[in-house]
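# next comes the sequence, and after it the predicted model I'd like to discuss.
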Amino acid sequence: MLNQAYKAPTLEEIRQERKKRLVAVVLIAYADESMDGSGNEVFAIAGIMGTQEEWDNLELDWRKRTNGRKFHATDCLAGHGDYEGIPKNDRVKEYRDLTKILCKSSLMGYGCALDIIAYKNCLLRTTRNMPYLHCFVDVITSLAFGTSVYVPQHQKIRFVFDRRKGIEITAGELMGYYQTLTEYKQSAFLGGVTFSSIDEVGIQAADLVVHEYMLEMYYHIHSEKPHARRSLRPIQLLIDSHRFDFTSYGKVYFETKFKESLKACEEESGLSRKSYLEWLAKYNRHDNDGNKVRYLIYMNSINNRNSTS
């Protein structure tokens, strides 16, 4: 509901409030995940990273435009939550205005969207958490690589994830594994992970971006010409900014490149059910979703290190 009495904080007020909190790293990445309405077709994760100063500047403009409302992409478009009672045209305009504010900022982002049905048909033995873990690893490694390339080597990136229930393997556990995995070249750039909520502007911004990535994949599945729809949607603004990138993992990818890469991995690195079970025994681990992903991370890190040594 529109809050007429809301007064947006000044940039100095935002900075003073931030000083009360410990910020141990220079780059901060906010990440969020999204699913289509049915929860059976598309899964997506996106992260946005930048310096604390860049986030402060975004927060100033973001709060002014939302008038203090807690932005949530689906609520804004459907008229729910803080957007209940607000005319559709006003809600759509705010959504687009916030996209423009994000594009004009100095922040950078990456995300991926996955066709759940195609993924399950390819792997056969996958579980309900595997699409999340697949996208999670992709986003984390991409942002970590960006940190290693674009900032001085003594700086790290701290991740802030939306606090969600229902995910068996938490982001914190996997991040901890990445940080201690010496075979992973970018482990030195990972500065930890915390969890927040939609109250934080960074999570709100990530929610907007991941919602657009999710819709892009949804239209790709259900339309022969998904790019025709794109030009009418805010995602085109993100693409045109050249600072927000995303990858779509659809049916063609899983039936060709993904299967080929799995086969190549098996042949070149011994990635097989037998080697996986040997790895479990060596480190006294159980067969579950988390350890499947840890094993893939471990083998992929070794292969990448060997290929560049």
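Perfect, I can see it now.
# name the nearest residue to the residue positioned nearest the centre of the chain, ignoring sequence neighbours.
By C-alpha atoms, centre = their mean, the chain has its centre lying nearest to residue 46, at 2.4 Å. Distance criterion C-beta to C-beta, 6 or more residues apart in numbering; nearest residue to residue 46, sequence neighbours excluded, is residue 111 at 2.9 Å. Glycine gets a C-beta too; all of them are placed from N, C-alpha and C.
# show me the contacts for the one you found.
44, 45, 46, 47, 139, 209, 210, 213, 244, 245, 246, 247 (C-beta atoms under 8 Å, 6 or more residues apart in numbering).
# where does it fall, helix, sheet strand or coil?
Counting by DSSP: H, G, I helix; E, B strand; the rest coil, the backbone at residue 111 sits in strand.
# tell me what it is bridged to.
Note on residue 111: beta-bridge partners by DSSP bridges are residue 46, residue 246.
# look up how far residue 119 lies from it.
Going from residue 111 to residue 119 by C-beta to C-beta, to the nearest Å gives 16 Å.
# quick one: buried ones out of the contacts of residue 111?
For the contacts of residue 111, a neighbour count by 16 or more other C-beta atoms under 10 Å gives the buried set as 44, 45, 46, 47, 139, 209, 210, 213, 244, 246, 247.
# for those, give me a markdown table that also has pLDDT and distance to residue 106.
Output for these, formatted as a markdown table (pLDDT from 0 to 100; distance: C-beta to C-beta, whole Å):
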| residue | pLDDT | distance to residue 106 |
| --- | --- | --- |
| 44 | 91 | 24 |
| 45 | 91 | 22 |
| 46 | 92 | 17 |
| 47 | 92 | 16 |
| 139 | 87 | 20 |
| 209 | 95 | 15 |
| 210 | 93 | 20 |
| 213 | 92 | 21 |
| 244 | 93 | 12 |
| 246 | 89 | 19 |
| 247 | 90 | 23 |
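# out of those residues, which is nearest to residue 10?
When these are compared for distance to residue 10 (C-beta to C-beta), residue 209 wins out at 26.1 Å.
# that closest one: what's it in contact with?
By C-beta under 8 Å, 6+ apart, the neighbours of residue 209 are 32, 46, 48, 102, 109, 111, 238, 244.
# name the helix or strand for it, please.
helix 201-222 (DSSP states H and E).
# nearest to residue 160, out of the buried ones among the contacts of residue 111: which one, please.
Once C-beta to C-beta is applied, the member of the buried ones among the contacts of residue 111 that ends up nearest residue 160 is residue 47, at 9.3 Å.
# spatially nearest residue to that closest one, not counting backbone neighbours?
Per C-beta to C-beta, 6+ apart, closest to residue 47 is residue 31, 3.9 Å.
# taking helix 201-222 as reference, get the angle to the host helix or strand of that neighbour.
Secondary structure assignment for residue 31, by DSSP H and E: strand 27-35. Relative orientation of strand 27-35 and helix 201-222, computed by axes from the mean of the first three to the mean of the last three C-alpha atoms, to 10 degrees: 40 degrees.
# all good on my end, thank you.
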